[in-house]
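Engineer: Give me a model of this one.
(one chain, ligands or ions: 2)
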Amino acid sequence: MDVALVYNVKKEENDSTASVLQPSSQTQQTTHTQIQVTSSADAFAEWDTIETIHAVRDALSLRHSVTLIEADENAFASLKSSKPDIVFNIAEGRFGASREAQIPAMLEMLNIPYTGSDPLTLGICLDKSRAKEILSYYNIANPKFAVISSLSELRLLDFPVPAMVKPLFEGSSKGIFDKSLVHSVKELTEQVTKVIEEYGQPALVEEFLPGREFTVAMLGNGNDLKVLPIVEIKFDSLPSGVNPIYSYEAKWIWDQSSNPLEIFECPAQVDHNLKTAIEDLCRNTYNALRCRDWSRIDVRLDKNGRPNIIEINPLPGILPKIEDNSCFPKAARMAGMNYNEMLNAVLDAGMKRHNL
Ligand SMILES: Nc1ncnc2c1ncn2[C@@H]1O[C@H](COP(=O)(O)OP(=O)(O)O)[C@@H](O)[C@H]1O
Ligand SMILES: [Mg+2]
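Structural biologist: Ligands and ions are numbered 1, 2, ... in the order given. Next comes the predicted model:
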């Protein structure tokens, strides 16, 4: 099979564009607890490193002939001329709230099969409020929320602080810092202002769910859909005094492959009832949003211990090295699949769906 791997790559520090693209140049790290991060620090946090792209290429090359196509403005022409049998899509896209949908939309136009969710699902899941509206229609639990485009709309909030303030359409913890959990109206106003001004998009303000947090890797479709072993995010591993949220700092700064945080536990220690409740919630969510082939779903317990959906990641992070602490590969390993087997299982799910 001719497989094209379509991706966006994080530029290296010695690249001429590095001053704009390199997150670490904007981030001054001092100690684990004393840290300053500017919002632009996370500008390209969603994109993959060349190391990840090569690891995916190598995995798929075990069984197929693989070419690499960068998801830039030349991608359409490259896809049109190379006409692969199937695309393995990990492109996070470049601009706008529909950026993750752009490559799949091109592929539909060219009638080229691809792995993962379609443009509609990718667009909806990136706009967290649109995803929540659909979940609510299906009575799938998710925290109360409001979309705030200007400070005057804050009076529409019908739930009290503590609350989470997030950019409406970002991923990979972009715009979610330790301070995004607000405990007062003053902090709420500050964080909403910051999201609107620095990210140029509305703020999603959500009721804060104080319970345990999990992330759940989903693989396959229909009757073959598998819920992989649940990963718990253990907030007690974070530096003392910080908020119990999986923030940009927790994901990219306090957790380094040279000094990893013991933040994930897989399989999560959950009793039978909670395990079933989380798995049912994630299956219902995956199906309601029409996810395809794979996704990773974030779940947190509310004050009554009931699992709620935080967000759906139809293009989950897949850092290759064990010490990189990436949740989808970790859950797959616990299910008995190594990195290469996991990626080929995603491709197989896509091929089966397309009768290839
Ligand atoms: N409503 C909420 N209640 C409690 N914690 C939340 C809530 N929303 C987000 N968080 C915390 O912030 C983290 C990042 O939020 P999430 O919406 O998953 O953004 P991202 O797309 O960056 O992963 C979550 O993993 C969780 O720890
Ligand atoms: Mg998340």
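
Engineer: okay, and the helix or strand of this structure with the least pLDDT?
Structural biologist: Every helix and strand in the chain was compared by mean pLDDT, DSSP states H and E; the lowest is helix 18-21, with a mean of 33.

Engineer: Who are the contact partners of whichever residue of the stretch 1-150 of the chain sits closest to ligand 1?
Structural biologist: Proximity to ligand 1, evaluated over the stretch 1-150 of the chain using Cβ to the nearest ligand atom, is greatest for Pro143 at 4.1 Å. Where you see a C-beta, it was placed from the backbone N, CA and C, and this is true even at glycine. Shown in contact with Pro143 (Cβ atoms under 8 Å, 6 or more residues apart in numbering): 164, 206-209, 302, 308, 310.

Engineer: quick one: Ala75 and Leu68 touch, right?
Structural biologist: No - here Ala75 lies out of contact with Leu68, judged by Cβ atoms under 8 Å, at a distance of 11.2 Å.

Engineer: what about those two, which has more around it?
Structural biologist: Neighbours were counted for Ala75 and for Leu68 using other Cβ atoms under 10 Å; Ala75 has more, 21 against 15.

Engineer: what about the closest residue to that one other than its chain neighbours, is that helix, strand or coil?
Structural biologist: Counting by Cβ to Cβ, 6 or more residues apart in numbering, the nearest residue to Ala75 once its immediate chain neighbours are dropped is Ile69, at 5.9 Å. Here Ile69 takes the strand state, with states given by DSSP: H, G, I helix; E, B strand; the rest coil.

Engineer: correct me, but Ile69 touches Leu5?
Structural biologist: Yes - the pair Ile69 / Leu5 is scored as a contact, 7.1 Å apart, by Cβ under 8 Å.

Engineer: now Ala250: how far from Ser237?
Structural biologist: Per Cβ to Cβ, to the nearest Å, Ala250 is found 9 Å from Ser237.

Engineer: the more surrounded of those two?
Structural biologist: The residue with more neighbours, out of Ala250 and Ser237, is Ala250; 24 against 15, by other Cβ under 10 Å.

Engineer: who are the neighbours in contact with the more buried one?
Structural biologist: By Cβ under 8 Å, 6+ apart, the contact list for Ala250 reads 173, 238, 242, 261, 263.

Engineer: Got phi/psi on it?
Structural biologist: For Ala250, the backbone dihedrals are phi -70, psi -40 (criterion: degrees, to the nearest 10).

Engineer: Tyr114 too?
Structural biologist: Dihedral angles (degrees, to the nearest 10) for Tyr114: phi -150, psi 160.

Engineer: Any residue of the lengthiest helix in the chain touching ligand 1?
Structural biologist: Ranked by residue count under DSSP state H, the longest helix found in the chain is helix 272-288. No - using Cβ under 6 Å from any ligand atom, helix 272-288 stays clear of ligand 1, with a minimum separation of 13.4 Å.

Engineer: partners of the next helix or strand after that helix, with directions?
Structural biologist: Once helix 272-288 ends, the next helix or strand along the chain (criterion: DSSP states H and E) is strand 294-301. If you go by DSSP bridges, strand 294-301 pairs up with strand 213-219 (antiparallel), strand 307-313 (antiparallel).

Engineer: confidence score at Ala97?
Structural biologist: Ala97 is assigned a pLDDT of 89 by the prediction.

Engineer: okay if I get the strands paired with strand 294-301 as TSV plus distance to Leu107?
Structural biologist: Listed next are the strands paired with strand 294-301 as TSV, based on distance: least, Cβ to Cβ, whole Å:
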stretch	distance to Leu107
strand 213-219	21
strand 307-313	20
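
Engineer: Packed most tightly, which of those strands would that be?
Structural biologist: Across the strands paired with strand 294-301, the average number of neighbours (mean count of other Cβ atoms under 10 Å) peaks for strand 213-219, which reaches a mean of 26.

Engineer: ok, Ala71 - contacts?
Structural biologist: 6-8, 91-94, 102-103.

Engineer: where's the dip in pLDDT among those residues?
Structural biologist: Among the contacts of Ala71, Arg94 has the lowest pLDDT, at 88.

Engineer: does it sit in a helix or strand, and which one?
Structural biologist: Assigned by DSSP H and E, Arg94 belongs to no helix or strand.

Engineer: again, but for the one 3 residues further on
Structural biologist: Ala97 is part of no helix or strand, with elements assigned from DSSP H and E.

Engineer: Which parts of the stretch 1-150 of the chain are strands?
Structural biologist: Secondary structure of the stretch 1-150 of the chain, counting by DSSP state E, counting those that start in this stretch: strands at 2-7, 27-29, 35-37, 65-70, 86-89, 145-148.

Engineer: Quick check: which ranges of this structure have low pLDDT?
Structural biologist: Applying pLDDT under 70 to the chain flags the ranges 12-43.

Engineer: Now with 50, please.
Structural biologist: For the chain, the stretches with pLDDT under 50 are 13-39.

Engineer: Residues of it that sit close to ligand 2?
Structural biologist: Taking Cβ under 5 Å from the ion as the contact definition, the chain meets ligand 2 at 298, 311.

Engineer: what's the domain layout of the chain?
Structural biologist: Residue ranges for each domain of the chain read 2-141+209-353, 145-207, as given by automatic domain parsing.

Engineer: Could you give the separation between the terminal residues of the longest one?
Structural biologist: Spelled out, that is domain 2-141+209-353. Its start and end residues considered, domain 2-141+209-353 measures 17 Å (Cα to Cα, to the nearest Å).

Engineer: and if you look at the shortest one?
Structural biologist: End-to-end distance for domain 145-207: 6 Å, by Cα to Cα.

Engineer: Can you show me the helices along the stretch 151-300 of the chain?
Structural biologist: In the stretch 151-300 of the chain, the segments counted as helices under DSSP state H, counting those that start in this stretch are 185-199, 248, 272-288.
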